[in-house]
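Undergrad: Sequence and predicted model, in that order:
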Amino acid sequence: MISAFRSYLSTWIVRGFFLILVVSFAMWGIGDVVRQIGAPSWVAKIGDRAIEIPELDAAYRQQMNRLTQTMPAGQEPSLELKRAMARQALEQLIGQAAIGQEIARLHITVPDAALRQAVYEMPAFRGPSGQFDRRTFEAALSTNNLNEGRFLDLRSEEHTSELQSRQY
């Protein structure tokens, strides 16, 4: 039986059939991948800042985690609620980007002394004595995969956003 199949493989009809299969897979299977090359990967653009899909996904997952913690055990959020959370995450990212650009345009910064004081006052970095503890600070940063520079940049951005929101 196998020898009968082998004898048909050398015919032009079978070769034509395989050629049609290869061309169809190339057009429909690979074509989708090729069309995605060069396509924009952002979901919103605010000025020169683009909100990328992974960033929106991370914000959406944070929103959903907060939501599921408040829901009764075993209850799943509805499709409408999931869509609302996605919209809310996108709106939040757009708002942050817009505020960030306005802050940059106005050259608003947080003084280093104010930032240092805010970090010293954070309860998460207090040691057994109740005062700021450098080892506790470094352990918390390590646990969250942050270095000191990145953490201070994040806190500075948060404080700057808080200052901007208080002005309006």
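TA: Perfect, thanks for sending it. Residues are numbered from 1 along each chain as shown.
Undergrad: Helix, strand, or coil at the most centrally placed residue in the chain?
TA: Closest to where the C-alpha atoms of the chain average out (CA atoms, centre = their mean) is residue 55, at 2.1 Å. Following DSSP: H, G, I helix; E, B strand; the rest coil, the label given to residue 55 is helix.
Undergrad: Residue 93 is in contact with that one, correct?
TA: Yes. Applying CB atoms under 8 Å as the test, residue 55 and residue 93 come out as touching, 6.6 Å apart. C-beta: built from backbone N, CA, C; applies to glycine.
Undergrad: to the chain's geometric centre, what's the distance from the biggest helix by length in the chain?
TA: Longest helix of the chain, by residue count under DSSP state H: helix 79-106. Computed by CA atoms, centre = their mean, to the nearest Å, the chain-centroid distance of helix 79-106 equals 12 Å.
Undergrad: Now do the buried residues in the helix or strand following it.
TA: For helix 79-106, the following helix or strand on the C-terminal side (DSSP states H and E) is helix 112-120. For helix 112-120, the neighbour count (16 or more other CB atoms under 10 Å) marks 115, 119 as buried.
Undergrad: likewise stretch 146-162?
TA: 152, 155, 156, 159, 160, 161.
Undergrad: Can you tell me which one of these sits lowest on pLDDT?
TA: Model confidence across the buried residues of stretch 146-162 bottoms out at residue 161, which has 66.
Undergrad: I'd like the C-alpha coordinates of stretch 149-164 written as PDB, please.
TA: The C-alpha trace of stretch 149-164 is given here as PDB (Å, rounded to 0.1, in the frame of the first residue of the first chain):
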ATOM      1  CA  GLY A 149      17.300  55.300  41.300                       C
ATOM      2  CA  ARG A 150      14.300  53.800  39.600                       C
ATOM      3  CA  PHE A 151      12.300  53.900  42.800                       C
ATOM      4  CA  LEU A 152      13.100  57.600  43.400                       C
ATOM      5  CA  ASP A 153      12.200  58.400  39.800                       C
ATOM      6  CA  LEU A 154       8.800  56.700  40.300                       C
ATOM      7  CA  ARG A 155       8.200  58.600  43.600                       C
ATOM      8  CA  SER A 156       9.200  61.800  42.000                       C
ATOM      9  CA  GLU A 157       6.700  61.200  39.100                       C
ATOM     10  CA  GLU A 158       4.000  60.400  41.700                       C
ATOM     11  CA  HIS A 159       4.700  63.500  43.700                       C
ATOM     12  CA  THR A 160       4.800  65.700  40.600                       C
ATOM     13  CA  SER A 161       1.400  64.300  39.500                       C
ATOM     14  CA  GLU A 162       0.000  64.900  43.000                       C
ATOM     15  CA  LEU A 163       1.200  68.500  42.900                       C
ATOM     16  CA  GLN A 164      -0.300  69.000  39.400                       C
END
